[in-house]
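Chemist: fold the stuff below for me.
(2 chains)
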Amino acid sequence: MSSFVVEMKGINKNFGEVCAVKNGHIQVEKGEIHALIGENGAGKSTMMKLLYGLFPHDAGDIWVSEKQIKNMTPKRAIDLGIGMVHQEFMLVNELTVLENILLGFEPKKGLTVDFATGRAQVQQFIDQYGLDIQMDKRIHQISVGEAQRVEIIKILSRGAEIIILDEPTAVLTPQEADGLFEILKKLKADGKSVIFISHKLDEVMKISDRISVMRQGAYIGTVQKTETNPAQLAQMMIGREVFLNIKKSEVNSGAKVLDVQDLWTSGEKEISKIRGISFEVHEGEILGIAGIDGNGQSELIEAITGLRKVEKGKVILAGEAITNLSVSNIRAKGMTHIPEDRNKRGLNRALTIWENIIATHIGDQAFSKNKVLSLQHSIDYANELAEQFDIRPRDVTMPTQSLSGGNAQKVVVAREVAMNGKLLVASQPTRGVDIGAIESIRSILEKVKEQGTGVLLVSADLEEILSLSDRIIVMFEGKISGTLTASEATDTKLGYLMMGGKTEEAAHA
Amino acid sequence: MTFEKIINLSLIYATLRSATPIIYASLCAAITQQADILNIGTEGIMLTGAFTAVTVSYLTGSWLLAVIVAMLAGLVMASVIAVGHLKYGAEITAIGIGINMFALAFTKYMLNSLLGKTGSFTDPKIIGIPKVHLAFLDNSPALNELFNNWAVTEWFAFILVGILTFVLFKTVWGLRLRAVGKFPMAAQTAGINVTAMRYQALAISGLVGGLAGAHLSLGYSKMFTENMTNGRGFMGVAAMFFGGAHPVLTAIGCLVFGFADSIGARLQAYGVPSQFVLLMPYVVTVAVLAISMATKQSREARKKSALITTAPSTLTEKRG
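Modeler: Below you'll find the model as predicted:
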């Protein structure tokens, strides 16, 4: 038995090898706004998708309105009064607002859809909650804020009593977000229960009654809003872990090696569009870029390395403008790059280690003459690097497919570091690799810096940022939300900035 | 005057006539396209239908029975695609091509073993689809030439365009099918069984494809020839793209093909190489597709740009 309107206990969910949720837990009371917070990949969305029955859970119990539910499906969830506004709206762009709302629950007149009745029903919800929408517009013609209101009406019209919102403010302007909070308060006043997924602490503090925290797929705890503060929440989200202690060398920074001036570039999402970023990297320093995934870090790196068009602003590498040059051109001028996704951009996994190692400078005299590869020379060179960077197994004629994540990443690191560029861009250099490889890759980055190369490090891993960087900039929604030196940075301060806090406030956090 | 000899009423009739088999084929492709399934197998489904119709008509003497069995044969072919693609995850293009090659070889084999013929099959015992003679048109030479003596299935092609438009855009089933095609996750979260909808779309497509074949062999002609579809299924697919899978626009695309087909035959008589004329609809298709893709891409780029602050949506926002 469960006296909660929703209770999930001991939930486990694996996707293949990846564990998305382990021992997930949440209890929601009727008529409350319950925030579910955590970093990217903490398992918040997965928990709620399991509740909505989008995929089955591996273990654990789900109770809805005091009934235990096995084999949840979206259809079942809807029947139980659960409605979910997904992060990516479940609206068909080409259909009208009205068609989208009625879809699946159409009032019928014979075989046809009774749009008149449907329209009247929808109008009731519009009036009751003051949700302003235009029923005859197609989805692609309306704003994101309006689309979200359409989603809310859609689930209300399906009789939702439990409303899940997955990062609803991620796509909204602050004004739109305030409008959404007003709607949520009305829903609450009407006795509906709201589960609100977020990683923005200020809005969580503003809107919720209780807050549950998840970290790395696990449940951390639940607190009353009135008994907590943003600093405590940030700490729960990020956790206190022992840092891998790398003895950080003295900063011996020299001339400017990378100068980014008022850079603007396109983004896959609204919050990942880069709108006016400026910073510098000097010789012999590591500049860390921290931030929650998807706040524009990937777009920024792509713009600097020539993979994405710079719409405005300048990128200067060692005094030479490289804005919108081709990738090979930029590389020739001294840029080296460990891309964030080794499977997509770092390696050709079907090719061998040596082929991958010479891939970026295959045209050099050393590796090819008159368009013909110097096979032996290439293999010798690769063997040398395999030895130096401890790539295992030591057989460079092996396809990279058969390497572990850590060794595959070492191939990329070896190739880029051995080029001795002026700047090394390292994007998520230790993502998804084992602890041994993490250590060795981090110490390689240290060495690169000691040799006087500038390093631009992007990592979602705060520990990595803190243990390596000499200076840290924090990105939030495509802008820099704060700059800290290594000595003043703490995980709590960074966490605060990562959630859009201000530097002054972070100082007190 | 040469021009008048080329452009006259009988050209319009010829256009409609040669367009109808392609209209059926394009509708076969359009239904599945609405569920986001590219039915390359249209050609094979149609060819199977054509062979089945002639055989059944020859054996039973009933055109109606022949049409019905041809539609069922189309359904069987579509079911193979459905099970292969939806249940076992076969690549839709690969399985479509497979169906086409199978149909080509199978009808050839059956023509040989069942009817004992090679190349083509004609027989007085084949009962064609009857023509509709409207007596009141006899008095008007123009209307008589245009509209009289159409095969039943020629009239029905245009009725079917209307029926499918109604089904797709007015019925509950149509709304759900379009949602499944455009954004399956959205349909799934609305409690719709996406896979079941796709099966249904392929089944109906098979019935229409079978009918396309029956019309080709019993309405448009009264015989079966090896590979008699001769690319009409693919033209149907092209017309479907041209019309964005909307039945009416798709049918208009088919009329372009039909027109090119009939005018080409005439121009040839005046020394114009028909290949050039036959090329036109394809050139038009490529141009239309290219232009629509280019506009779509630039729209996408604008959406992602950091310099543009989603202006149109801000406007609608202020309205509220």
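Chemist: residue B:155 and residue B:133 touch, don't they?
Modeler: No: between residue B:155 and residue B:133 there is no contact, the gap being 11.9 Å when judged by CB atoms under 8 Å. Every C-beta, even on glycine, is put in place using the N, C-alpha and C of the backbone.
Chemist: between the two, tell me which one has more neighbours.
Modeler: Shown here are residue B:155 and residue B:133; by other CB atoms under 10 Å in any protein chain shown, residue B:155 has more neighbours (14 against 11).
Chemist: bridged to the closest residue to the more buried one other than its chain neighbours, which residues?
Modeler: Of all residues beyond its chain neighbours, the one nearest residue B:155 is residue B:132 (6.2 Å), with distances taken as CB to CB, 6 or more residues apart in numbering or on different chains. In this entry, residue B:132 is beta-bridged to residue B:150, by DSSP bridges.
Chemist: close to chain B: what parts of the stretch 301-450 of chain A are there?
Modeler: Within the stretch 301-450 of chain A, the residues that sit near chain B (CB under 8 Å from any CB of the partner chain) are A:311-312.
Chemist: which strands or helices does the helix or strand where residue B:50 lies pack on?
Modeler: Taking DSSP states H and E as the criterion, residue B:50 maps to helix B:42-60. Helices and strands touching helix B:42-60, by 3 or more CB pairs under 8 Å, 6 or more residues apart in numbering or on different chains; DSSP states H and E, are helix B:9-34, helix B:63-82, helix B:92-113, helix B:194-214, strand B:224-225, helix B:232-242.
Chemist: can I get the ones you listed in CSV including mean neighbour count, mean pLDDT and distance to chain A?
Modeler: Formatted as CSV, the helices and strands packed on helix B:42-60 follow (neighbours: other CB atoms under 10 Å in any protein chain shown; pLDDT from 0 to 100; distance: least, CB to the nearest CB, whole Å):
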stretch, mean neighbour count, mean pLDDT, distance to chain A
helix B:9-34, 25, 93, 11
helix B:63-82, 22, 97, 21
helix B:92-113, 17, 96, 21
helix B:194-214, 25, 97, 11
strand B:224-225, 24, 96, 37
helix B:232-242, 26, 89, 16
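Chemist: the closest residue to chain A within the stretch 51-200 of chain B: how many residues sit nearby?
Modeler: Of all residues in the stretch 51-200 of chain B, residue B:190 sits closest to chain A, at 3.1 Å by CB to the nearest CB. Residue B:190 has 24 neighbouring residues, counting by other CB under 10 Å.
Chemist: returning to that earlier point: quick check: the residue nearest to residue B:155 touching residue B:153?
Modeler: No: with contacts counted by CB under 8 Å, residue B:132 stays clear of residue B:153, the gap being 10.1 Å.
Chemist: excluding chain neighbours, what is closest to the closest residue to chain B within the stretch 301-450 of chain A?
Modeler: Using CB to the nearest CB, the closest approach of the stretch 301-450 of chain A to chain B is made by residue A:311 at 5.2 Å. In this structure, residue A:311 finds its nearest non-sequential neighbour in residue A:264, 4.6 Å apart by CB to CB, 6+ apart.
Chemist: no more questions from me, cheers.
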